[in-house]
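In: predicted model follows, preceded by the sequence.
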Protein chains: 2
Amino acid sequence: MEETVQNAHAGLVEKVAHYLREHIVMDHFQPGQRLPERTLALELQVSRTPLREALKILAAEGLVVISPNRGAVVAEVSAADMKEKAYVLSVLEQAAAELTCAVASDEDIAEFQALHYEMKAAFLRRDRQNYFRLNQDIHNRIVALSGNATLIDMHANLSRQLYRVRYLSNQKNDKWASAMEEHEAILAALEARDGKRVGHELRNHLGKTWIKYANGEAVTR
Amino acid sequence: MEETVQNAHAGLVEKVAHYLREHIVMDHFQPGQRLPERTLALELQVSRTPLREALKILAAEGLVVISPNRGAVVAEVSAADMKEKAYVLSVLEQAAAELTCAVASDEDIAEFQALHYEMKAAFLRRDRQNYFRLNQDIHNRIVALSGNATLIDMHANLSRQLYRVRYLSNQKNDKWASAMEEHEAILAALEARDGKRVGHELRNHLGKTWIKYANGEAVTR
DNA sequence: TGGAGCAGAATGGCATACCAAAAAAAACCT
DNA sequence: AGGTTTTTTTTGGTATGCCATTCTGCTCCA
């Protein structure tokens, strides 16, 4: 865990790990694809040592799978896996929401409102790109405000693993309008600082999103 | 993540990681204690390479902290950290319980009953050791039956990190009787296959356990 | 006497070399 | 020609060495 703002000057393995994470998550590496150490090391202009260490980290995060004497492979993610992860994600967000409601300041709520209406603007303009970004932002902020570092880390981790799916889901979501409505409900509950309700709405919202994805099949090879 | 039954013959890093995990979790290494590569490698009779890789894994799991150019240190666990983790643990167990109730077979429930009454026997004999073991067993089994691998992994991970605290908490728990009562309630809800209720009782149960700990201060240096 | 500065020792970071296991390819036998 | 065995090549696992950074404690100066 720990999420030192990485990058910059810190260790090579962090950079490598960060690089690989991004590429896996953004789907530049296919699931199942092998990650041969020498080749990759050559490409990244680093030696095998930091690369190997980075791979161990990614394995611990569940993004790659390392088989003994067989090396690292980009983790296969079945629709079932995604559903599982999404479920846990929703559970975590629900829990975070309850905490957040208990501690959010007026300014925090105001910021949620601001983000929400920005997002609504993006929705009205059919600007999926910004809608997606703001949507993510709101969800992350709900978790961030919870103040529970463990929760935040785990959420961030899951969120990363679902990024790809979530992004694609956003692109072709035909029930966009209803998703927007659900967000209205979330905001309303936030304004009322009703933790249980926010949690419930969130869980409902996320559940729907993912069911939509799961049915539509997708991506995962 | 990933929890291949490891051990046995698999890679050296797995063995080293497993060894360190156990020792950290069992409190054989003090929080804050440095883990110098050369020294440790010498002790474990391995070279620095697999040790370093093992440390990266443990860092990803949150058991050690690695600072750039400064090496690995057993993660400090403040009472606040523990409370955070315990909270998330309770959230995960609650979620797992709901799933488990939905899928548990009659045999599964029977096994819960069996374990419960074994535990009750240990309680009546004031056998804290076995009480603890059975208690853990029940909680783990509830999660295991959920069928959600992500949830299971995350729970196992958190559970490890809390092992030390939980163990000590068990040793000096003066509200043992009420804890036992809570477990009665959990079993009853399980028998009724009332997911919501099991989840609620579990969350309540765990919450109390940890509050007891947090007040009593402890361990954490 | 106390603090700033400066060796020297300790330690982590990265690269490389060597070994063993597995996979691929080639040769051989039927 | 097909399949099996053997050899070669590839690839991951581990050890070690060198370099950079940090830490320690000593010296020297105010």
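Out: Nice, thanks for sending it over.
In: so residue A:73 makes contact with residue A:33?
Out: Yes - Residue A:73 is within contact range of residue A:33, at 6.8 Å (criterion: Cβ atoms under 8 Å). Every C-beta, even on glycine, is put in place using the N, C-alpha and C of the backbone.
In: so which of the two has more stuff around it?
Out: Legend: neighbour count by other Cβ atoms under 10 Å in any protein chain shown for residue A:73 and residue A:33, higher for residue A:73 (17 against 14).
In: doesn't that one fall inside a strand?
Out: Yes - applying DSSP: H, G, I helix; E, B strand; the rest coil, one finds residue A:73 inside a strand.
In: which single residue of chain A ends up nearest DNA strand C?
Out: Across chain A, the shortest distance to DNA strand C (Cβ to the nearest atom of the strand) belongs to residue A:12, at 2.7 Å.
In: for that residue, what are its contacts?
Out: A:46, A:50 (Cβ atoms under 8 Å, 6 or more residues apart in numbering or on different chains).
In: distance of residue A:52 from residue A:117?
Out: Plainly put, residue A:52 is 47 Å away from residue A:117 if you go by Cβ to Cβ, to the nearest Å.
In: please say which of these two ends up with more neighbours.
Out: Per other Cβ under 10 Å, whichever of residue A:52 and residue A:117 has more neighbours is residue A:52, with 23 against 12.
In: ok, the more buried one - contacts?
Out: So residue A:52 contacts A:37, B:53 (Cβ under 8 Å, 6+ apart).
In: okay, it: pLDDT?
Out: Note for residue A:52: predicted pLDDT of 97.
In: which of the residues in the host helix or strand of it are buried?
Out: Taking DSSP states H and E as the definition, residue A:52 sits inside helix A:48-61. For helix A:48-61, burial by neighbour count (16 or more other Cβ atoms under 10 Å in any protein chain shown) applies to A:50-61.
In: packing partners of the helix or strand that that helix is followed by?
Out: Of the helices and strands lying after helix A:48-61 in sequence (DSSP H and E), the nearest is strand A:64-67. Other elements packing on strand A:64-67 under the criterion 3 or more Cβ pairs under 8 Å, 6 or more residues apart in numbering or on different chains; DSSP states H and E are helix A:48-61, strand A:71-74.
In: ok, whichever residue of chain A sits closest to DNA strand D - contacts?
Out: Closest to DNA strand D within chain A is residue A:71: 2.9 Å, counting by Cβ to the nearest atom of the strand. Contacts for residue A:71 (Cβ under 8 Å, 6+ apart) come out as A:34-37.
In: so the most centrally placed residue in chain A versus residue A:100, what's the distance?
Out: The geometric centre of chain A, computed from its C-alpha atoms, lies nearest to residue A:159 (Cα atoms, centre = their mean), at 1.9 Å. Residue A:159 sits 16 Å away from residue A:100, going by Cβ to Cβ.
In: next one: residue A:171
Out: The gap separating residue A:171 from residue A:100 is 29 Å, by Cβ to Cβ.
In: so for those two, which sits in the more crowded spot?
Out: The neighbour count for residue A:171 versus residue A:100, taken as other Cβ under 10 Å, is higher for residue A:100 (26 against 10).
In: leaving out chain neighbours, which residue sits closest to that one?
Out: Leaving aside its sequence neighbours, residue A:100 sits nearest to residue A:145 (Cβ to Cβ, 6 or more residues apart in numbering or on different chains; 4.3 Å).
In: export only the CA atoms of the helix or strand harbouring residue A:20, formatted as PDB.
Out: In this structure, residue A:20 sits in helix A:12-25 according to DSSP H and E. Only the C-alpha atoms of helix A:12-25 are listed here, as PDB (Å, rounded to 0.1, in the frame of the first residue of the first chain):
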ATOM      1  CA  LEU A  12      13.600   2.900 -10.100                       C
ATOM      2  CA  VAL A  13      11.300   0.100  -9.100                       C
ATOM      3  CA  GLU A  14       8.600   2.600  -8.200                       C
ATOM      4  CA  LYS A  15       8.900   4.100 -11.600                       C
ATOM      5  CA  VAL A  16       8.800   0.700 -13.300                       C
ATOM      6  CA  ALA A  17       5.900  -0.400 -11.200                       C
ATOM      7  CA  HIS A  18       4.100   2.800 -12.000                       C
ATOM      8  CA  TYR A  19       4.800   2.400 -15.700                       C
ATOM      9  CA  LEU A  20       3.600  -1.200 -15.800                       C
ATOM     10  CA  ARG A  21       0.600  -0.400 -13.800                       C
ATOM     11  CA  GLU A  22      -0.500   2.300 -16.100                       C
ATOM     12  CA  HIS A  23       0.000   0.200 -19.200                       C
ATOM     13  CA  ILE A  24      -1.800  -2.800 -17.800                       C
ATOM     14  CA  VAL A  25      -4.700  -0.800 -16.500                       C
END
